[in-house]
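Undergrad: Next comes the sequence, and after it the predicted model I'd like to discuss.
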Amino acid sequence: MNYPYMPKSTALWLIENTSLTFEQIAEFCGLHELEVKNIADAETYKVQPLNPILSGQVTREDIAQCEADASARLTLRKEIIDAQQKQNKKGVGYTPKIHRQNRLGGIAWILKNYPELSDGQIARLMRSTNPTVNSIRNKTHKSIKEIQIQSPIVLGLVSESAIHDAIAKAQKQASAPKKKNKSKKK
């Protein structure tokens, strides 16, 4: 089954801007219906809405048709499905120079929005190195003036769920009691 990029962000946009049922949104985004209800009920949600029409994942006509008929279901456009299948087959490989600059902007975005993540966690998420993340955090990177802060999720460099998993792990580590060093000096 193919789902839209950033399903929670897409669901939030659909909730706010359409009259689709929770069931229709859940099925389109690959979420559970209760998860969609939770997104709708949350007053402050850490996810930014993503317009699936502007991102080319669905057409306005499809949404209008589904709004009129509750039994109709939204489907991703064929171009998006083909791109997802091609991306799944390709795997991680060489990153072109133009996308390397996007990676730096993605790192800066994560540092700005999620300062609780460690340099190591960000480096793993963005397939970078600790010194690169540290230099962007300290604003000492050689390309700091050219870096355009952009969401790495929108750029397709990292998944929304991977960021949420890293945040949950960071919060768990922060709330865990620290072990005392039992070795004594002589």
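TA: It's in. Residues are numbered from 1 along each chain as shown.
Undergrad: So which bits of stretch 125-136 are buried?
TA: Leu125, Met126, Ser128, Thr132, Val133, Ser135, Ile136 (16 or more other CB atoms under 10 Å). C-beta coordinates here come from the backbone N, C-alpha and C atoms, glycine included.
Undergrad: I meant to write stretch 58-74 there.
TA: Those would be Val58, Asp62, Ile63, Cys66, Leu74, for stretch 58-74 by 16+ other CB under 10 Å.
Undergrad: Looking at those residues, which one is closest to Asn113?
TA: Distance to Asn113, by CB to CB, is smallest for Val58 among these, at 26.3 Å.
Undergrad: List the contacts of stretch 55-72.
TA: Applying CB atoms under 8 Å, 6 or more residues apart in numbering, the contact partners of stretch 55-72 are 4-5, 10, 14, 18-21, 24, 28, 52-53, 73-77, 79-80.
Undergrad: Go ahead and flag the most central residue of this protein.
TA: Glu160 (2.3 Å; CA atoms, centre = their mean).
Undergrad: Give me the pLDDT for it.
TA: Per-residue pLDDT puts Glu160 at 80.
Undergrad: quick one: contacts for it?
TA: So Glu160 contacts Met6, Pro7, Lys8, Ser9, Val47, Ile153 (CB under 8 Å, 6+ apart).
Undergrad: what do you get for Tyr3?
TA: Tyr3 neighbours (CB under 8 Å, 6+ apart): Phe28, Cys29, Gly30, Leu76.
Undergrad: Out of those residues, grab the one that's most surrounded.
TA: Highest neighbour count within the contacts of Tyr3: Phe28, with 26 neighbours (other CB atoms under 10 Å).
Undergrad: Give me the nearest residue to it, chain neighbours excluded.
TA: Spatial nearest neighbour of Phe28, excluding adjacent residues (CB to CB, 6 or more residues apart in numbering): Leu74 at 4.0 Å.
Undergrad: Gln24 now?
TA: Gln24's closest residue in space is Cys66 (CB to CB, 6+ apart), at 5.7 Å.
Undergrad: what about that neighbour, helix or strand, and which?
TA: helix 60-68 (DSSP states H and E).
Undergrad: and that helix, what's its mean pLDDT?
TA: 92.
Undergrad: what does stretch 130-142 give?
TA: 91.
Undergrad: returning to that earlier point: what separation do you get for the residue nearest to Gln24 and Val133?
TA: 42 Å (CB to CB, to the nearest Å).
Undergrad: Gly30 too?
TA: Counting by CB to CB, the gap from Gly30 to Val133 is 30 Å.
Undergrad: Ala64 now?
TA: 44 Å.
Undergrad: again, but for Thr21
TA: 42 Å.
Undergrad: Also Val47?
TA: Taking CB to CB, one finds Val47 at 23 Å from Val133.
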